[in-house]
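Visitor: Any chance you can model this:
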Amino acid sequence: LALVDAGVFLKDVVGACTIAAPLPGDTKTVLVDPTHAEARRAATLDCAVLPRFGSILYLELGGELVVKADALEDLTEVAVKAASDIGAALAEAARDHVGDADDVREASLVAAARAGESGGG
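Guide: Below is the predicted model:
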């Protein structure tokens with residue numbers, strides 16, 4: 001939010017996460033943002049995206065389990081969806097933050113104007 005507060009225009013917000021598939025061959029059961037202990041013996045996929053543009057910025061496969069190509073595709077879809085959801089939530093929080101800041105700024109201007117009118121400046 002520091003960039004937003006500084007007035008920097010953002011085209012999108014990066015959403016990122018790690019997912020872990022703890023069971024060999026099972027890409028339907030995944031953990032989003034697993035703990036270190038949960039990820040240690042799983043296949044993990046780190047993912048960063050620009051949700052508005054549908055761009056994948058970063059993917060890194062890790063962990064102890066071997067992942068086949070078709071399973072990697074499934075894991076990638078899950079990771080991109082999770083990271084996109086996180087990015088969308090961050091973007092909404094940034095929009096709400098700007099709205100709250102605008103409300104505070106407006107209230108301050110009104111209070112300053114009233115104080116100026118009453119000579120209490």
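
Visitor: Identify the bridge partners of residue 17.
Guide: Legend: beta-bridge partners of residue 17 under DSSP bridges are residue 47.

Visitor: any idea how far it is from residue 47?
Guide: Residue 17 is 6 Å from residue 47, where distance means CB to CB, to the nearest Å. The C-beta positions use only the backbone N, C-alpha and C, and glycine is treated the same way.

Visitor: what touches both of the two?
Guide: Counting by CB atoms under 8 Å, 6 or more residues apart in numbering, the contacts common to residue 17 and residue 47 are 79, 82, 83.

Visitor: and of those, the nearest to residue 3?
Guide: residue 83 (19.1 Å; CB to CB).

Visitor: what residues are up against that closest one?
Guide: Contacts for residue 83 (CB under 8 Å, 6+ apart) come out as 15, 16, 17, 47, 48, 49, 51.

Visitor: ok, 7 Å please
Guide: Shown in contact with residue 83 (CB atoms under 7 Å, 6 or more residues apart in numbering): 15, 16, 17, 47, 48, 49.

Visitor: Hmm, the first one is touching residue 84, no?
Guide: Which is residue 15. Yes - at 5.7 Å, residue 15 and residue 84 qualify as touching, with contact defined as CB atoms under 7 Å.

Visitor: quick one: residue 52 and residue 12 touch, right?
Guide: Yes - between residue 52 and residue 12 a contact is recorded at 4.4 Å, counting by CB under 7 Å.
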